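> task: produce atomic coordinates for the following.
(one chain, ligands or ions: 1)
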Amino acid sequence: MNTGDSHKKRQSPAHNLLAMTLVQTISWVLRFYFITILNNYTVVGQSCTGPITRYAPIPPQTRIPPSGCIIESFGGGVHVVLDGVNTAMVVVSTEGVIIVDSPPGLRRVLPAALGNITHIPVTHMVYTHFHWDHIGAASLFGNNITVIAQEETAQNLIQLEDSDRPLPTITFPHNYELTVGNQTLELSYKGEMHADGNIFVYAPVQKVLMLTDFLYPGWAPSARFGVTKNVLSYVRTHDKVLAYDFDYFVGVHVGLEGNRSDVLIQQEYVLDLRANCISTIREFAGNGTLYGCPDGYTLGQAENPRNLYAFGRRLFELLAVSCASRTSEKWVDRLTGADVVGYDNANIMIESLRLESGIAPTVF
Ligand SMILES: [Zn+2]
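Below is the predicted model:
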């Protein structure tokens, strides 16, 4: 009576094989699914941390004391307050203190540091340029001080409407001599080399020159030469710096103060990088290969046919890798971080050679 049902329950070998295959398939699908999930997590993990890159070890750096900053004196009332990343210059006069830049990184320590230098109040502030990381704590000093900046700095600040960076009260196009009590600072704008309105600040008596985001003594120039918009102008700035009679160079972000020899070394590095990039481009233009490797242009076209952005990027990428490797290995022992910034500096140099000097690998 129940044969029909029992027959249904009794599986044939074919059915058993089918069922096993089905179970196996489901198992494989699930395994694949979980492995994919795991892999995705791994991929997500990798994309969060990026590939680990070890660069050349750096020489011992100055330790910052528990107070959070170092105060250095250049004599004659000129000091710098720095924490190894941020710097403000403090000039004490008989009638008030001039402070040059007020970085947000020093917000917590700057008032105490000033108190350790002098009890004369801050009456004047100079903005070296409009970037937040240099003057984002300018509001610390209230609205009753005189703030001096170059015109383009003022224009940028008007547009930014940032209450932490009060608008300057005095602006100038090219040169301004600021005298407060017994101290004088010569401010000069010599064209864009990092940001619009980025000025030279010079204390002629103490022979101290401050130029932000151009040179960090002991270190290679930062990536893309401090994100300059004009590499040619950046290169020429070395001569403009060397035209000053200075004993101390205040570079701002890393390292302590420098001197003329730091400027000469950086100039040599930049010119060497430029020469290496020119050689790389000319070599490529001459035989269409880079050290026997397939050139980026051909490689890029094969990978992404007709995608001009893609193979253009490939071409410049490989040129920059080649130029950076020629340069960095020579410089890594002389300028800290030369291996870290080598690619970015080569990349922007190659762009500059193409756009500004017409030295190009192809008709790009
Ligand atoms: Zn800047």
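
> check contacts around residue 222.
213, 216, 253, 341 (CB atoms under 8 Å, 6 or more residues apart in numbering). (Glycine included, C-beta is placed from N, CA and C.)

> so how far is the ion from it?
Distance of residue 222 to the ion, computed by CB to the ion, to the nearest Å: 10 Å.

> and for residue 342?
Distance from residue 342 to the ion, by CB to the ion: 21 Å.

> helices or strands up against the strand or helix carrying that residue?
Assigned by DSSP states H and E, residue 342 belongs to helix 338-357. Judged by 3 or more CB pairs under 8 Å, 6 or more residues apart in numbering; DSSP states H and E, the packing partners of helix 338-357 are helix 223-227, helix 231-242, helix 260-287, helix 308-331.

> report the angle between the axes of that helix and helix 260-287?
60 degrees (axes from the mean of the first three to the mean of the last three CA atoms, to 10 degrees).

> dump helix 338-357 to PDB, keeping only the CA atoms.
The C-alpha trace of helix 338-357 is given here as PDB (Å, rounded to 0.1, in the frame of the first residue of the first chain):
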ATOM      1  CA  ALA A 338      65.000  61.600  -0.800                       C
ATOM      2  CA  ASP A 339      63.800  58.000  -1.500                       C
ATOM      3  CA  VAL A 340      60.400  58.800  -0.200                       C
ATOM      4  CA  VAL A 341      59.700  61.900  -2.300                       C
ATOM      5  CA  GLY A 342      61.800  60.800  -5.300                       C
ATOM      6  CA  TYR A 343      58.900  59.600  -7.400                       C
ATOM      7  CA  ASP A 344      56.600  62.600  -6.700                       C
ATOM      8  CA  ASN A 345      59.400  65.100  -7.400                       C
ATOM      9  CA  ALA A 346      60.400  63.300 -10.600                       C
ATOM     10  CA  ASN A 347      56.800  63.200 -11.700                       C
ATOM     11  CA  ILE A 348      56.200  66.900 -11.300                       C
ATOM     12  CA  MET A 349      59.600  67.700 -12.800                       C
ATOM     13  CA  ILE A 350      58.700  65.700 -15.900                       C
ATOM     14  CA  GLU A 351      55.400  67.500 -16.200                       C
ATOM     15  CA  SER A 352      57.200  70.800 -15.800                       C
ATOM     16  CA  LEU A 353      59.800  70.000 -18.400                       C
ATOM     17  CA  ARG A 354      57.000  69.100 -20.900                       C
ATOM     18  CA  LEU A 355      54.700  72.000 -20.200                       C
ATOM     19  CA  GLU A 356      57.100  74.800 -19.300                       C
ATOM     20  CA  SER A 357      60.300  73.900 -21.300                       C
END
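
> lowest-confidence one in the contacts of residue 222?
Lowest pLDDT among the contacts of residue 222: residue 253, with 74.

> residue contacts, the nearest residue to that one once chain neighbours are set aside?
Leaving aside its sequence neighbours, residue 253 sits nearest to residue 216 (CB to CB, 6 or more residues apart in numbering; 5.4 Å). Each residue near residue 216 by CB under 8 Å, 6+ apart is listed here: 222, 251-255.

> state the pair within those residues that is farthest apart.
Comparing all pairs in the contacts of residue 216 by CB to CB, the longest separation belongs to 222 and 255, at 11.5 Å.

> strands of the stretch 51-200 of the chain, start to end?
70-75, 78-82, 87-93, 96-100, 122-126, 146-150, 170-172, 175-180, 183-188, 200-203 (DSSP state E, counting those that start in this stretch).

> rebuild the ones you listed as CSV, extending it with mean pLDDT, mean neighbour count and distance to residue 163.
CSV is the format used below for the strands of the stretch 51-200 of the chain (pLDDT from 0 to 100; neighbours: other CB atoms under 10 Å; distance: least, CB to CB, whole Å):
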stretch, mean pLDDT, mean neighbour count, distance to residue 163
strand 70-75, 94, 15, 28
strand 78-82, 95, 25, 23
strand 87-93, 97, 25, 19
strand 96-100, 98, 25, 18
strand 122-126, 98, 23, 15
strand 146-150, 98, 23, 13
strand 170-172, 98, 17, 19
strand 175-180, 98, 16, 24
strand 183-188, 98, 20, 24
strand 200-203, 98, 23, 24
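
> adding distance to residue 350, write those strands out as a markdown table.
What follows is these, written out as a markdown table (distance: least, CB to CB, whole Å):
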| stretch | distance to residue 350 |
| --- | --- |
| strand 70-75 | 38 |
| strand 78-82 | 34 |
| strand 87-93 | 31 |
| strand 96-100 | 35 |
| strand 122-126 | 35 |
| strand 146-150 | 30 |
| strand 170-172 | 36 |
| strand 175-180 | 35 |
| strand 183-188 | 31 |
| strand 200-203 | 28 |
